[in-house]
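Asker: Coordinates only, no sequence provided:
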């Protein structure tokens, strides 16, 4: 019966030397697991830093090292629970392992992931973006908290933040400097004036607006936004609704998806899917029970046919 109960599971993802061990150490030292309950800690990647044995013992953490990806199987996970009977599980995930497979195939169903931390070495971030972007974006897509460490004043933190938010709008992003100070409220320099009652977006500005209005819908409440988009509609949409969407590349050329928000317009059915239109809309945020947050809803005042933009794909970098 013990093995069938839900076990809260905490994931720590990121590449080698990104600061995963330091993050775990800080969580333990801050007393987050000082409740006397047993913790099973699966270590799948050993870096330069190691956790102090006394710290692990004090927090009742049992460490199990797993060296090869194929060794971590669902059956092995189940056997570890039977042997150690933990109240919770922590996994320091090897950055080169298949995170999607780990979540969807390897972890037992009752290992419920309640929080995922991703650490990033800001000094090597651009190198990974250039060479291993798909792997890095997989980490961002699953994360609740992304921590960029080793940050300096000269770094483009806004661009780093956009790379995360383009993949995962719900993730919190923190920037930690060498002196230990932490910054979270990075001011995005937007290419349009958000103080205006009417904002006309250039074709290249849609991506930045999309991220900003997703995160701060109240900032645009009752403002008029004019932009170009491609009509998207499916069978579930009412007759008076469509999405004026743009194709966005969040990771690589094989990872292009349509992004946009539901737009209400009484003559929506006049336009066919994939038609290019220019819309003049009012933003009216509504509370989403599914997302448990305010989400932008658009109400069109005018929709007219338009020519496609010179660059149809939106980028976030």
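Answerer: Good, I have the coordinates. Just so it is clear, the model here is predicted, and its values are computed rather than measured.
Asker: Just list whatever residues bridge to residue 263.
Answerer: For residue 263, the beta-bridge partners under DSSP bridges are residue 242, residue 298.
Asker: wait, it sits on residue 238?
Answerer: No. Taking CB atoms under 8 Å as the definition, residue 263 is not a contact partner of residue 238, at 11.5 Å. Bear in mind the C-beta positions are built from the backbone N, C-alpha and C, glycine included.
Asker: neighbour-wise, which of these two wins?
Answerer: Per other CB atoms under 10 Å, whichever of residue 263 and residue 238 has more neighbours is residue 263, with 24 against 11.
Asker: Would you mind measuring from that one to residue 235?
Answerer: Look at residue 263 and residue 235: by CB to CB, to the nearest Å, they are 17 Å apart.
Asker: what about residue 23, which SS state?
Answerer: helix (DSSP: H, G, I helix; E, B strand; the rest coil).
Asker: And residue 62, by the same measure?
Answerer: strand.
Asker: contacting residues for it?
Answerer: Residue 62 is in contact with 38, 39, 40, 41, 56, 84, 86, counting by CB atoms under 8 Å, 6 or more residues apart in numbering.
Asker: for the residue lying closest to the last one once chain neighbours are set aside, helix, strand, or coil?
Answerer: Among residues not flanking residue 86 along the chain, residue 40 sits closest, at 3.7 Å (CB to CB, 6 or more residues apart in numbering). Using three-state DSSP, the structure places residue 40 in strand.
Asker: Test of understanding: give the bridge partners of residue 40.
Answerer: Beta bridges link residue 40 to residue 62, residue 89, judged by DSSP bridges.
Asker: Verify the contact between it and residue 64 for me.
Answerer: Yes. With contact defined as CB under 8 Å, residue 40 counts as touching residue 64 (6.8 Å).
Asker: out of those two, which sits in the more crowded spot?
Answerer: residue 40 (22 against 15).
Asker: Am I right that residue 163 falls within a helix?
Answerer: Yes. Checked against three-state DSSP, residue 163 lies within a helix.
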